[in-house]
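Participant: Give me coordinates for this.
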Amino acid sequence: MNGLCGSAVVVAMVLGLAADAHAGKPKKISDEDRAKQQASIALVKEGLVFYNLGRFDEAIERLERAYLAFPFPDVLFDLGQVHRIKKDFAKALGYYKAFLRDPGDYVNRDSAEEFVVQ
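Facilitator: Purely as a prediction, here's the structure:
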């Protein structure tokens, strides 16, 4: 898996498709958090464009800004992917480990675990 798969998950979360694991209902978020999420997703989309163009340093910059705007764990996975593609394995490993510290049940968890043991 070489792409930025976490980005699609972030899009789903921003669109309100993520369910609250405890109540089984859509998460209610404040207007402030929604604005932060929207800023984050805009940056993730820009990062994906730069990734697809092979402009990895710019993709990293956008993804880091996206995570700072709103800390979606999937963005950490995406950062690991970009660093892995750049062959900066130490940084990739750090991002994969940071992603795995979140206890959520994420689509990319198995992939991140595989990258950590390689």
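
Participant: From the centroid of this protein, which residue is nearest?
Facilitator: V75 (1.6 Å; Cα atoms, centre = their mean).

Participant: Who's the closest spatial neighbour of that one, skipping the chain neighbours?
Facilitator: Y67 (4.4 Å; Cβ to Cβ, 6 or more residues apart in numbering). Placement of C-beta: from N, CA and C, glycine included.

Participant: and the one you found, how far is that from P103?
Facilitator: Using Cβ to Cβ, to the nearest Å, Y67 is found at 18 Å from P103.

Participant: So between the two, which is more surrounded?
Facilitator: Ranked by neighbour count (other Cβ atoms under 10 Å), Y67 and P103 place Y67 first, with 21 against 8.

Participant: The helix ranked longest in the chain - contacts with which helices or strands?
Facilitator: Ranked by residue count under DSSP state H, the longest helix found in the chain is helix 31-52. Where contact means 3 or more Cβ pairs under 8 Å, 6 or more residues apart in numbering; DSSP states H and E, helix 31-52 is packed against helix 6-14, helix 56-69, helix 73-85.

Participant: which stretch in those helices has the least confidence?
Facilitator: Set side by side, the helices and strands packed on helix 31-52 differ in mean pLDDT, and helix 6-14 is lowest with a mean of 50.

Participant: returning to what we had before: ok, the residue nearest to the centre of the chain touching I41?
Facilitator: No: applying Cβ atoms under 8 Å as the test, V75 and I41 come out as separate, 9.8 Å apart.

Participant: still on that earlier bit, buried deepest among the helices and strands packed on helix 31-52, which one?
Facilitator: Most buried of the helices and strands packed on helix 31-52, by mean neighbour count (mean count of other Cβ atoms under 10 Å): helix 73-85, with a mean of 25.

Participant: how about the CA coordinates for it, as CSV?
Facilitator: Provided in CSV are the C-alpha atoms of helix 73-85 (Å, rounded to 0.1, in the frame of the first residue of the first chain):
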residue,chain,number,x,y,z
PRO,A,73,-4.9,10.1,13.8
ASP,A,74,-5.2,9.0,10.1
VAL,A,75,-3.1,12.0,9.1
LEU,A,76,-0.2,10.5,11.1
PHE,A,77,-0.5,7.3,9.0
ASP,A,78,-0.4,9.5,5.9
LEU,A,79,2.7,11.3,7.1
GLY,A,80,4.3,7.9,7.7
GLN,A,81,3.5,6.9,4.1
VAL,A,82,5.0,10.0,2.6
HIS,A,83,8.2,9.6,4.6
ARG,A,84,8.4,5.9,3.7
ILE,A,85,8.1,6.8,0.0
